[in-house]
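Participant: Give the three-dimensional model of this entry:
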Amino acid sequence: MTGGCVKPLPPLDSPEVRALHRRMMRRANRGRVWTYLCAVGIGLWILIPLFFLTSMAMTTREAVRSYPKNVLPFIPFSTDTIRFFLDQPGVLAGLWNSLVVAVITLLLSTILAAPAGYAIARYLFRGRDLVRLGILAVRAFPIVVLSIPLAVLFLRVSIFDSVFSLALMHTALTLPTSVLIIASVFASVPHELEEAGQVFGASALQSFWHIVLPLALPGIAASSVFAFVLSWNEVFAASVLTLENRTLPALLLVQLQQSSDAYQFAGGFFLMAPSLVFMFFIRNYLFNMWSQVTK
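Facilitator: Numbering: from 1, shown residues only. Predicted coordinates:
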């Protein structure tokens with residue numbers, strides 16, 4: 001502004017506006033290209049080791065021992081390494097123990113987290129934020145802080161070295177995250193739906209059972225699978241709290257130094273496969289759940 005006059009804006013089809021538009025488009029395109037390159041780089045950083053591990057598990061033991069190593073389809077496809085791993089002592093028992101512990105952890109964490117998450121999401125009470133912070137603080141503790149005292153307690157009550165005691169430990173690890181995830185899922189369900197059900201004669205329990213729970217069920221299922229995967233792959237507490245009834249991760253850790261490459265690759269594949277399978281089937285639920293959390 002000079003002398004009280006406002007300088008008029010150039011027309012939209014003027015050379016200045018077109019040049020500015022071209023610069024903005026080039027800048028946006030460069031940002032988009034860098035975003036895609038970073039996404040591809042992160043994807044390859046994750047997928048290449050997984051593909052190499054799968055290739056080593058799905059070939060012969062001779063190919064695993066060969067050097068330089070190669071990947072499928074440039075090496076023979078075979079279940080020899082998998083069969084060799086399953087024939088080793090303690091492996092099938094470790095797989096069964098891992099499955100039992102993970103299922104118990106899934107059930108306990110879901111049964112306990114669902115009402116707790118609903119209460120945090122729906123009710124206003126004194127100290128609600130403190131409760132949330134306390135739940136999250138439990139998950140922030142190192143595993144060793146929980147494992148050693150629980151090991152002493154389990155020895156005193158004679159449940160040490162059992163799948164149930166290990167499942168209790170894993171429940172303590174997964175419960176804080178499960179509570180917060182399920183609370184966010186319940187918070188995303190409009191409270192007006194419950195009120196509408198009660199207007200039409202339903203009780204509070206009936207509104208929850210017939211209206212809220214079906215809408216929140218996909219998120220609860222995703223939280224349950226998260227608990228299963230975390231329990232399946234947990235190794236430190238399993239090594240501390242078990243001696244004879246070891247889970248598969250604890251067994252692999254104990255035999256890591258004296259085992260062959262074929263044993264290690266097949267063991268890593270069995271630890272990885274359930275997580276990938278479960279994540280593949282619930283990926284849509286997870287994406288919806290995280291979008292609800294960020295709203």
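
Participant: how close does the residue nearest to A116 when sequence neighbours are not counted get to F226?
Facilitator: Spatial nearest neighbour of A116, excluding adjacent residues (Cβ to Cβ, 6 or more residues apart in numbering): V179 at 4.8 Å. Backbone N, C-alpha and C define where each C-beta goes, glycine included. Noted for V179: a distance of 12 Å to F226, by Cβ to Cβ, to the nearest Å.

Participant: the more surrounded of these two?
Facilitator: V179 (27 against 21; other Cβ atoms under 10 Å).

Participant: F269 contacts S55, doesn't it?
Facilitator: No - under the criterion of Cβ atoms under 8 Å, F269 makes no contact with S55, lying 9.7 Å away.

Participant: Do a quick rundown of the helices in the stretch 1-150 of the chain.
Facilitator: 15-57, 61-65, 80-86, 91-122, 128-140, 143-156 (DSSP state H, counting those that start in this stretch).

Participant: With A183 as the reference, name the closest of those helices.
Facilitator: A183 sits nearest to helix 91-122 of all those, at 3.8 Å, using Cβ to Cβ.

Participant: tell me what that closest one is packed against?
Facilitator: helix 128-140, helix 163-187, helix 213-233, helix 248-254 (3 or more Cβ pairs under 8 Å, 6 or more residues apart in numbering; DSSP states H and E).

Participant: again, only this time at 6 Å
Facilitator: Secondary-structure packing of helix 91-122 (3 or more Cβ pairs under 6 Å, 6 or more residues apart in numbering; DSSP states H and E): helix 163-187, helix 213-233, helix 248-254.

Participant: Just want the angle from it to helix 163-187.
Facilitator: 30 degrees (axes from the mean of the first three to the mean of the last three Cα atoms, to 10 degrees).

Participant: now the host helix or strand of F269 against helix 213-233, angle please.
Facilitator: Here F269 sits within helix 261-281, counting by DSSP states H and E. Comparing the axes of helix 261-281 and helix 213-233 via the same axes, to 10 degrees yields an angle of 170 degrees.

Participant: Now do helix 261-281: distance to the chain's middle.
Facilitator: Here helix 261-281 is found 15 Å from its chain centre; the criterion is Cα atoms, centre = their mean, to the nearest Å.

Participant: do stretch 255-275 as well
Facilitator: 20 Å.

Participant: which residues sit against that stretch?
Facilitator: 53, 56-57, 61, 64, 81-82, 84-85, 229, 232-233, 252 (Cβ atoms under 6 Å, 6 or more residues apart in numbering).

Participant: Need those residues in TSV (columns: neighbour count, distance to T35 and pLDDT).
Facilitator: Output for those, formatted as TSV (neighbours: other Cβ atoms under 10 Å; distance: Cβ to Cβ, whole Å; pLDDT from 0 to 100):
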residue	neighbour count	distance to T35	pLDDT
L53	19	28	88
M56	24	33	87
A57	22	34	87
R61	20	43	84
V64	22	38	81
T81	24	39	88
I82	17	39	90
F84	17	44	90
F85	22	40	90
V229	20	28	88
W232	25	33	90
N233	17	30	88
L252	22	38	89
